[in-house]
Every structure is written in structure tokens, then in C-alpha cells.
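> I would like the atomic coordinates for the input below:
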Amino acid sequence: MVGKLKQKILFWLIVFLCLATPVYADVLTTRVEGVIDPVIAEHLKEIIRKAEREEASFVLIELNTPGGLDTSMREITAAIMASKVPVGVWVGPSGARAASAGTFILYSAQVAAMAPQTTIGSAHPVNLGGQPLDKDLRTKVENDAVSYITSLAKRNGRNPFWAEEAVRKSVSVDAEEAYKKGIINFIAKNPEEFLEKAHGLRVKVSGNELVLNLKGQRIRYLDLSLWEKFLHALANPELAYFLIMIGIYGLIYEFAHPGGMVGGITGVLALLLAFYSLSVLPTTLTGLLLLLFGLALIIAELYLPTFGALGVGGVISITLGSLFLFGTDLPGLTISWVNILPLVLLLAAGVYLLIKLAVRAQKSKSLTGMEGMIGLTGKVTADLQPEGFVMVRGEIWKAKAVAGKTIPQGTPVKVIGVSGLTLVVDGINES
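Below you'll find the model as predicted:
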């Protein structure tokens, strides 16, 4: 009897503890590294939709970006502002940055923080099409960006004056300065500290004010899928440039050795992947045209006897195209000489070899056809009176002796000319 009573007490105690223990919704978290592109935009929108479906308590974006597409940035900021779940942005870990488009994304979040030794700013609009903007259009684009970021600042109670400077003057600040200027809510070393400091803050979500209850929340990471990681990895200037050069090498090899198909297929695939990369990077039309023009010149060198003029012009054009390919000086969106020089030197070495072989071929005698027989030696197999037969390179040829001579069978001879399909020979002993 006593045993059953103890079991009942234990049962109801467990039930009471389960009911008394609060059930917290997860904090959905994702890492954003690299260029802000359509892949990142779609991923963040899906994270927000998932948070709304699961009634998560918070969405945290770990941000480290040099910037990216304006259209993708606006998709992200629009999704954050329309979210029914509060969204926070943490620039981290230490050494990370939220430049250009990243600044706008941070300003759109209800809660913003940065890790120590991180930076934010340099939000001046970058023309990803490559063509220079005239003064009036540049001013309009700049004013539009200022209007947008200041509206985000006012919406979330951030410093609008610094935001305008970040756009117009491309200024940047570190985490400590950002906190002093009212750009972020606080400094946090990691996501756990972010949630701890964000707990109890009042924020507006979908027009309603609420108090964040993040104490003890479980952080659940939802990163990019393998396919998304592949597409996002392509949005890298150094990788894009490497793919372009692989494409150039492959096509040159295919034209130099037609029929193999390996070089051509590799080159075309590399260029297609490179063009996807360039579509989400600040690429200049001038740089791209110089690269393609250089490729055309080198291919032309393979077929036209210019003795290197077109090849040298092609290498110079590709070198200039490499330097002008990306129209921004933002860190992470450019390529350095360290990456350009080895690939250009390899190309120059290949073109030099092609030129050397072409010159050698022009100077050498023909090794095919009847002309290729001149200078070879053989023996008379049937008396030349003056016509007969000789054996040259193991083959029997009709021949005639020079100047109507008679050359007996077995005499060594040398081919000194051709007449149709008849060899003109002279005895070696008599020469």
C-alpha cells in the first residue's frame, strides 16, 4: 500500500515539474559569409519564413560580408522588416565586417550588435554593371541609398547621421565606436552573449511592441545546403578570375590541338561558371571585353603568320582586362597582383612556346608530300637510263637521273628534286 502511494506521489511530482518547466521556442540562427547575392537573399528569406511557421522566438543572423548586390540586399531588408519574428544581426566573430550592403542589413534589424575588433561602414553604392555613371545619375543613386538607410535608422532607433556619412563618404567604424555613436545596441563576443544582452529589450515587430524573452533559449543553426554553398562560393572574385583563366587556357588548347574536345569542354564549362560569378560581382564591361579580345587575338595567332604580334597583343589585353575586371576597391571584392601575376605569366609562357613553334615551322622544310623527299638518299634498284627505279625510305620510287645520266643498279643516290611523281636523283659518288 505504501509502495503504491510512493509511485503515485512520484508520478504527480514528475507531471508537476514538466508543467512548471517553461518550454522555450528556438532561436533560429544562420551564418552569412561573403558576398550578398541571390543565394544568400533566398536563404535568409526562407529562414524568416521557417521562424514564422515554427513560431520561433528570434532570428539571429551572424554577418561577415564585404557587400554585394543592391537587389539582394533590399530583398533581405524587406523580409526583415516584414517578419513577424524579431530579427537580430551580429557582426562576428572578431575580424568580421559589415561593409556596403552589410551595413543596410544591420540597420534593418530590430537588434544589432558587433563582436570586438569588427567594423561596419563603407556603404557607398557600387555600380555592378561596370559602366561609369554620369554625375546626375550618380547623385540620384547616392541620394536614394541615403534615403533608404536613414529610413531604416529611424525605424529602429539608430544613428541616421552616421548612416548618411557611411553612404556619402564611405566611412567605417569599429565596434566600440559604433556603440558610442548609437549604431548598434551593444557589443557581444558571441551569439550566446548576444541573446543574454538582448533579453528584456523592447522592440517593434509588425507594428507591435514586445519585450524580448531570450533567457535560456536554444540556438539552432540553419546553414546553407551543399548546393547553395556551391552557388554562393562562385560569388568570389578570385575564384571567378581563376575560372576565366581556366576557360581561356582550355579554349586556346582546343584551337591549338583541335579534335581532342577535353580542352574545349573544360574551357566552356569554366567560362559559364565564371559568367555566373561575374553576374553577382562588381564587374566592369571594359575588363570583360579586354579579356575576350585577348583570347580572340591569341586564337588568331594560331592561324595567321604574324610571328607573335597577335599573341603578344593578346597577353597584354588579358593583363589589362585582369586589372580592370572589378570596379571597386572594397576588400573582398577585388583581386590582387599576387593572384593575377602567376596566371598571366603562365599564359605568356604558353604563347611564347606557340610563337616559337610557329617560327620554327616557317623556317623548316616541308616534311610531307613530294617536297619532303628532297635531300633523302637511297639506292638504284633498276638501272637508270636515264629512267628507272630507286628505293628510298624502304619504298620503290620511279626515278630519273639528272642530266640524262646512266646510273647502274646498286649505286647510292640522293634525291635532288621531284617532277610530278618521279624523283630526280644523282649518284652520290659522282657529286
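> neighbours around Ala300, how many?
16 (other C-beta atoms under 10 Å). From N, CA and C alone the C-beta is placed, and that goes for glycine too.
> show me what counts as buried in the helix or strand where it lies.
In the assignment (DSSP states H and E), Ala300 maps to helix 285-301. Residues of helix 285-301 classed as buried by neighbour count (16 or more other C-beta atoms under 10 Å): 286-288, 290-295, 297-301.
> distance to Leu210 and pLDDT added to those, as CSV?
Putting these into CSV (distance: C-beta to C-beta, whole Å; pLDDT from 0 to 100) gives the following:
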residue, distance to Leu210, pLDDT
Thr286, 51, 88
Gly287, 49, 90
Leu288, 49, 90
Leu290, 55, 92
Leu291, 53, 92
Leu292, 55, 92
Phe293, 59, 93
Gly294, 59, 91
Leu295, 58, 90
Leu297, 64, 90
Ile298, 63, 87
Ile299, 64, 86
Ala300, 68, 87
Glu301, 69, 83
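> and which of those residues is nearest to Val141?
Nearest to Val141, judged by C-beta to C-beta, of the buried residues of helix 285-301 is Thr286 at 19.6 Å.
> burial count for the residue lying closest to that closest one once chain neighbours are set aside?
Nearest non-adjacent residue to Thr286, counting by C-beta to C-beta, 6 or more residues apart in numbering: Phe324, 5.2 Å away. Residues near Phe324, counting by other C-beta under 10 Å, number 18.
> and if you look at Glu209?
With other C-beta under 10 Å as criterion, Glu209 counts 8.
> checking it next. Helix, strand or coil?
Following DSSP: H, G, I helix; E, B strand; the rest coil, Glu209 is assigned to strand.
> and the pLDDT at it?
On pLDDT, Glu209 comes in at 90.
> what pairs with it across the strands?
Taking DSSP bridges as the rule, Glu209 bridges to Lys204.
> mark out where each domain of the chain begins and ends.
23-227, 235-363, 370-427 (automatic domain parsing).
> shaky segments in the protein?
For the chain, the stretches flagged by pLDDT under 70 are 1-25, 126-134, 305, 328-333, 358-371, 429-431.
> where do the helices sit along it?
2-20, 38-54, 70-82, 101-108, 135-156, 160-168, 175-180, 191-198, 226-233, 237-256, 262-279, 285-301, 309-324, 337-363 (DSSP state H).
> surely the residue nearest to Thr286 touches Leu290?
Yes. Contact status for Phe324 versus Leu290: in contact at 6.5 Å, counting by C-beta atoms under 8 Å.
> how near is Pro38 to Ser72?
Applying C-beta to C-beta, to the nearest Å, the value for Pro38 to Ser72 is 5 Å.
> list residues touching both of those two?
Residues touching both Pro38 and Ser72 (C-beta atoms under 8 Å, 6 or more residues apart in numbering): Val280.
> settle it for me: which of the two has more neighbours?
Neighbour count, other C-beta under 10 Å: between Pro38 and Ser72, Ser72 has more, with 22 against 17.
> which residues does the more buried one contact?
Applying C-beta under 8 Å, 6+ apart, the residues near Ser72 are 36-38, 40-41, 101, 280.
> repeat the analysis, applying 7 Å as the threshold.
By C-beta atoms under 7 Å, 6 or more residues apart in numbering, the contact list for Ser72 reads 36-38, 40-41.
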